[in-house]
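Novice: Kindly generate the corresponding structure for this input.
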Amino acid sequence: MQIQDNVFIVTGGASGLGAATARMLAEGGARVVIADVQEETGKALATELNGQFIQCDVTQESDGKAVVAAAVALGTLRGLVNCAGIAPAAKTVGKEGPHSLELFQRAVNINLVGTFNMARLAAEAMGQTPEAEYGERGIIINTASVAAFDGQMGQAAYGSSKAAVAGMTLPMARDLARNGIRVMTIAPGIFETPMLMNMPQEVRDSLGKMVPFPPRLGLPKEYAHLAKAIIENVMLNGETIRLDGAIRMQAK
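Specialist: Model (predicted):
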């Protein structure tokens, strides 16, 4: 799969892992559609990358369709990278009572349903494009988390939503094989995202030291580097790759 001269959608593309991925794609010669709820930062990045910003709530079918339509209008849609998500923290039963059902449902709705919504809509459009080398038409990269496998205390909502994203990878890849569309998932460890960067430096340093090697937080550009390798290697399909420096999260 070639990046040059093709169109790619990045959800959650206004910041963090998504922004790094959008930059990588633009540097590779792609036309990038940034889909995010963050209008100001999304528009600024789209202008910088000579791409297009579409305000998008990934859980809404109409928003997803608008993003895909904008991408198709730019050229041949070849890829979707799903980075949109939230990471709530709450115990199943805490000091103030049981976990908020609304919070749990919101995490699942954005992280899982939103990912599936964008994947199904992009896959339909990619399935109608001309075949590239080896009969390939497109690539979908979803984002899980090591919390899908090593969920910590307070991550029941987050961990289960990300485990479902990982669990969706193989059946979706099998569904879309006949369309020439690959599906892969990246499960990042502890990365320098906007949420973590708002924490005190000593907290970030402590988290980084939990990683066996390299003993630091992951960099968004390292996520983007893996996404690039996945896009370009046609044999990568139906699998979840941990990108975590060999960390295995402790209970807390």
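Novice: by contact count, what packs against the strand or helix carrying residue 231?
Specialist: Residue 231 belongs to helix 220-232 when assigned by DSSP states H and E. Applying 3 or more C-beta pairs under 8 Å, 6 or more residues apart in numbering; DSSP states H and E, one finds that helix 220-232 contacts helix 16-27, strand 138-143, strand 181-188, strand 240-243. C-beta here means a position set from N, CA and C on the backbone, and glycine is covered the same way.
Novice: hmm, try it at 10 Å
Specialist: Counting contacts by 3 or more C-beta pairs under 10 Å, 6 or more residues apart in numbering; DSSP states H and E, helix 220-232 packs against strand 7-11, helix 16-27, strand 77-82, strand 138-143, strand 181-188, strand 240-243.
Novice: centre of the chain versus the last one, how much separation?
Specialist: Read it as strand 240-243. 12 Å (C-alpha atoms, centre = their mean, to the nearest Å).
Novice: Going forward, count from 58.
Specialist: Right, with 58 as the first residue, what we last looked at is strand 297-300.
Novice: what mean pLDDT does that strand have?
Specialist: Taken as a whole, strand 297-300 has a mean pLDDT of 98.
Novice: Give the buried residues for the helix or strand that residue 130 is a member of.
Specialist: For residue 130, the host element (DSSP H and E) is helix 118-131. By 16 or more other C-beta atoms under 10 Å, the buried positions in helix 118-131 come out as 120-121, 123-125, 127-129, 131.
Novice: Tell me where the model's unsure across this protein.
Specialist: When residues are selected by pLDDT under 70, those of the chain lie in 256.
Novice: Find the centremost residue of it, please.
Specialist: With distances taken as C-alpha atoms, centre = their mean, residue 140 lies nearest the centre of the chain, 2.5 Å away.
Novice: Now that one: phi and psi?
Specialist: Phi and psi for residue 140, reported as degrees, to the nearest 10, are phi -120, psi 0.
Novice: got a list of what it touches?
Specialist: 67-79, 92-93, 115, 172, 198-200, 243, 245, 250, 277, 280-281, 284 (C-beta atoms under 10 Å, 6 or more residues apart in numbering).
Novice: Next, the residues that contact the helix holding residue 130 from outside, please.
Specialist: Here helix 118-131 has contacts from 63-68, 87-94, 108-115, 117, 134-137, 171, 174-183, 185-186, using C-beta under 10 Å, 6+ apart.
Novice: 6 Å - rerun?
Specialist: By C-beta atoms under 6 Å, 6 or more residues apart in numbering, the list of residues contacting helix 118-131 from outside reads 64, 66, 88, 90, 92, 109, 111, 113-114, 134, 174-175, 178-179, 182.
Novice: Only the buried subset of those, as a ChimeraX command please.
Specialist: In ChimeraX, this line selects whichever of the contacts of helix 118-131 come out buried by 16+ other C-beta under 10 Å:
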select :64,66,88,90,92,109,111,113,114,134,174,175,178,179,182
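Novice: Can you list which of the contacts of helix 118-131 are found in helices?
Specialist: Assigned to helices by DSSP state H, the following of the contacts of helix 118-131 qualify: 174-175, 178-179, 182.
Novice: farthest pair in these?
Specialist: 174 and 182 (13.4 Å; C-beta to C-beta).
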